[in-house]
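[1] one predicted model, sequence on top.
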Amino acid sequence: MPASDAGATHPTYGNWRRPRRAGLGPLGLVGTVAVFAALVLALLVSLASLVAAIGLLVPVAVLLLPLIVRTQDGRNLYQLAALRIGWRRRKARGEHLYASGPLSRRPGGRFRPPGLLSRVRMAEGRDAYGRPFGVLHHPDRNLYTIVLGCEPDGGSLVDPDQIDVWVASWGDWLARLSHEPQLRGAGVVVETAPDPGTRLALEVLPQIREDAPPVARAVMEEVVQRYPAASSEMHTYIALTYGFPDGRRRGTEEIVTDLALRVPGLLAGLVGAGGGSAAPLSAEQIAELTRVAYDPAVAPDVLTARAGAGGTGLEWEDAGPAAAVETAGAYHHDSGVSRTWLLTLAPRGTVRSNVLRGMLEPAPGTRRKRVALLYRPIDPATSARIVEADRRAAQFTATSGKGMVQARAASEMRAAEQTAAEEAAGAGLVEFSLMLTATVDSADQLADATTTLRNLQASARVSMRPADRMQAAAFTCTLPLGILPWEHVLLPRQLQEAL
């Protein structure tokens, strides 16, 4: 995201644009082709009978009307109807219910993750520095995901120039993803939760001597008891998903070796972009974060096991919930109830580097909160075609409009020209979206959590909607496990963009 020249002291960012849909107005490419085909056919029929031509156009207009009526995020009535029909079919089949463990009907009697993660397999390798890293294999799409963990440097007490350098380095890292071979998508997940105080207690209490003065002992015990109430823990994960066309012939071991060569370079780029200490996550760590996401109550136990025994020994087959129930507006899983929101409109105009800071910070009244930024890198050849098409479309709109329409079109034309110039200079082009998941202890707390998160969304200048009737899938997409929504759709992405 380029910095503007106007703000040398406080740089601003922006110039993101929603991809243009081909076709006439809201009809899309499919609707436009249908309109012209119907008109040509009606003209031919009118040569024989005018009544027959009108009778042909009326049902075509009725069929095309749902394509014209669209929601704020661009969905038409057909897509809304398909979502409701799919939800009712899943409920009728009992697919909104999940139970695992020894007493369930699941093969093996283990606690495998549900839904989109039910067929995922885990492998592990070591990079050039001997660090273990887990590899998630999605056999349905033949995708492989590695997860990197980092501790970003905060923006407090940091010079604006340094923040500007970090943002530029992060943009450069995203641009390099377009040149990463076989990369299908990336996800950045920032997870926050109240600090349970486990690490502080394990660090402080064993250091108290038996002959310590009672006052000193009481002070330290009070610190251990009260400090976690005002603090929180924050974790940042980056999931990179690769798709290998010949993966079925190469084998998992060879692909893991290929990914091991890429890990050091990816980590170096994250450190330069302000990622702080960065390292790949092992298979055990990936299983642990998945287990905590489905059952937040076990988070203190996981921290205790890490501090005491150095790990939990948890395997991927036991990282899922014992039971889960999906409703139209929430997802109930073990000790938590979650609701997920989807981005419908990015901030308009220019923003500053801290625009998402309030959304990323811990939210009162929530057990855990995850903000997921999903990126789909576009290769340089396709990027050039997209920006050139947008530039021509913006020029046509600016020269054909009048009044306020012409003023807004002129602003879009300047933005399109700037994007084309930056792409020609070597900048990358990525599609992005944002998802937000909040987990609470009970369904009664969802209303208060919803109000809190709506206020955070307003402060971040983003518009989001609840992922109703697909809460389970949306919950999974906010986990750093490589689930890319555009890779798990019934219709091809190209056909969906044409609707």
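    Yep, that arrived.

[2] please report the distance of Leu64 from Leu57.
    Using C-beta to C-beta, to the nearest Å, Leu64 is found at 10 Å from Leu57. For glycine as for every other residue, the C-beta is placed from the backbone atoms N, C-alpha and C.

[3] same question for Pro114.
    Using C-beta to C-beta, Pro114 is found at 48 Å from Leu57.

[4] out of these two, which sits in the busier spot?
    More crowded of Pro114 and Leu57, by other C-beta atoms under 10 Å: Pro114, with 23 against 17.

[5] assign the closest residue to the more buried one other than its chain neighbours to helix, strand or coil.
    Nearest residue to Pro114 in three dimensions, chain neighbours excluded: Tyr98, at 4.3 Å (C-beta to C-beta, 6 or more residues apart in numbering). Classification of Tyr98 using DSSP: H, G, I helix; E, B strand; the rest coil returns strand.

[6] before we move on, what about Leu136?
    Three-state call for Leu136 (three-state DSSP): strand.

[7] go on, Gln225?
    Gln225 is classified as helix under three-state DSSP.

[8] just give me the neighbour total for it.
    As a burial measure, Gln225 scores 12 neighbours (other C-beta under 10 Å).

[9] any idea of the pLDDT on Pro107?
    You'll see Pro107 listed with a pLDDT of 80.

[10] what does Ala449 give?
    91.

[11] what is the helix or strand harbouring Pro264 packed up against?
    Taking DSSP states H and E as the criterion, the element that holds Pro264 is helix 252-270. Using 3 or more C-beta pairs under 8 Å, 6 or more residues apart in numbering; DSSP states H and E, the elements in contact with helix 252-270 are strand 121-126, strand 132-138, strand 143-151, helix 160-177, strand 232-243, strand 277-280.

[12] tell me where the stretch 351-499 of the chain has helices.
    For the stretch 351-499 of the chain, applying DSSP state H, counting those that start in this stretch gives helices covering 357-360, 380-400, 403-424, 446-459, 471-477, 493-498.

[13] what's the closest of the helices and strands packed on helix 252-270 to Arg250?
    strand 143-151 (10.7 Å; C-beta to C-beta).

[14] dump that closest one to PDB, restricted to CA.
    C-alpha atoms of strand 143-151 as PDB (Å, rounded to 0.1, in the frame of the first residue of the first chain):
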ATOM      1  CA  LEU A 143      -2.700 -28.100  -1.000                       C
ATOM      2  CA  TYR A 144       0.100 -27.800   1.600                       C
ATOM      3  CA  THR A 145       0.200 -25.200   4.400                       C
ATOM      4  CA  ILE A 146       3.100 -24.100   6.600                       C
ATOM      5  CA  VAL A 147       2.500 -21.900   9.600                       C
ATOM      6  CA  LEU A 148       4.900 -19.200  10.800                       C
ATOM      7  CA  GLY A 149       4.700 -17.600  14.200                       C
ATOM      8  CA  CYS A 150       6.100 -14.100  15.100                       C
ATOM      9  CA  GLU A 151       6.000 -11.500  17.800                       C
END
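
[15] show me what it is in contact with.
    133-138, 184, 235-244, 247, 255-256, 259, 263, 266-267, 270-271, 275-281, 285-286, 480-482, 484, 487 (C-beta atoms under 8 Å, 6 or more residues apart in numbering).

[16] could you list the low-pLDDT ranges of the stretch 1-150 of the chain?
    Applying pLDDT under 70 to the stretch 1-150 of the chain flags residues 1-9, 19-23, 25.

[17] how far is whichever strand or helix holds Val190 from where the chain is centred?
    Val190 belongs to strand 183-194 when assigned by DSSP H and E. Relative to its chain's centre, strand 183-194 lies at 7 Å (C-alpha atoms, centre = their mean, to the nearest Å).

[18] for that strand, packing partners?
    So strand 183-194, by 3+ C-beta pairs under 8 Å, 6+ apart, packs with helix 160-177, strand 232-243, strand 368-378.

[19] in the sheet, which strands lie alongside it, parallel or antiparallel?
    Taking DSSP bridges as the criterion, strand 183-194 sits next to strand 232-243 (antiparallel), strand 368-378 (antiparallel) in its sheet.

[20] beyond the host helix or strand of Glu288, next helix or strand please.
    Here Glu288, judged by DSSP H and E, is contained in helix 283-294. The first helix or strand that comes after helix 283-294 along the chain, using DSSP H and E, is helix 299-309.

[21] and the next helix or strand past that next one?
    With elements assigned by DSSP H and E, the helix or strand that comes after helix 299-309 is strand 323-326.

[22] strand partners of that next one, parallel vs antiparallel please.
    Here strand 323-326 is paired, per DSSP bridges, with strand 97-99 (antiparallel), strand 331-333 (antiparallel).

[23] the inter-axis angle of the helix holding Glu288 versus strand 232-243?
    Here helix 283-294 points in a direction 120 degrees away from that of strand 232-243 (axes from the mean of the first three to the mean of the last three C-alpha atoms, to 10 degrees).

[24] who's in contact with helix 283-294?
    113, 117, 122-124, 132, 134-136, 147, 149, 191, 235, 237, 281, 298-299, 302, 306, 311-316, 318-321, 324, 333-334, 336, 368, 370, 439, 479-481.

[25] burial of Gly130, as a residue count?
    6.

[26] what of Pro181?
    Residues contacting Pro181 under the criterion other C-beta under 10 Å number 8.

[27] under a three-state scheme, what state does it occupy?
    Under the three-state scheme (three-state DSSP), Pro181 adopts coil.

[28] distance of it from Ile378?
    Separation of Pro181 from Ile378 (C-beta to C-beta): 15 Å.

[29] same deal with Ala427?
    Separation of Ala427 from Ile378 (C-beta to C-beta): 11 Å.

[30] returning to that earlier point: the helix holding Glu288: how far from the chain's middle?
    Worked out by C-alpha atoms, centre = their mean, helix 283-294 lies 18 Å from the chain centre.

[31] dump the strands paired with strand 323-326 to CSV, plus distance to Glu388.
    Shown next, in CSV, are the strands paired with strand 323-326 (distance: least, C-beta to C-beta, whole Å):
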stretch, distance to Glu388
strand 97-99, 47
strand 331-333, 42
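
[32] centre of the chain to stretch 95-115, how far?
    Here stretch 95-115 is found 26 Å from its chain centre; the criterion is C-alpha atoms, centre = their mean.

[33] flag every buried residue along it.
    For stretch 95-115, a neighbour-count test (16 or more other C-beta atoms under 10 Å) marks 96, 98, 100, 106, 110-115 as buried.

[34] one more: stretch 471-485?
    471-485.

[35] again with stretch 309-326
    Residues 312, 314, 316, 318-324, 326 are the ones in stretch 309-326 that count as buried (16+ other C-beta under 10 Å).

[36] which one of those residues sits closest to Ser46?
    Nearest to Ser46 among the buried residues of stretch 309-326 is Glu326, at 51.6 Å by C-beta to C-beta.

[37] which residue is the nearest non-sequential neighbour of Asp334?
    Asp295 (3.9 Å).

[38] ramachandran coordinates for that neighbour?
    Backbone torsions for Asp295, taken as degrees, to the nearest 10, come to phi -140, psi 80.

[39] give me the neighbour count for it.
    Residues near Asp295, counting by other C-beta under 10 Å, number 20.

[40] per-residue confidence for it?
    Looking at Asp295, the pLDDT reads 94.

[41] still on that earlier bit, so which of the helices of the stretch 351-499 of the chain gets nearest Arg90?
    Of those, nearest to Arg90 by C-beta to C-beta is helix 471-477, at 9.1 Å.

[42] elements contacting the closest one?
    strand 323-326, strand 331-333, strand 336-345, strand 429-440.

[43] just so I know, which of those strands lies nearest Gly251?
    For Gly251, the closest of the helices and strands packed on helix 471-477 is strand 429-440, at 30.5 Å, according to C-beta to C-beta.
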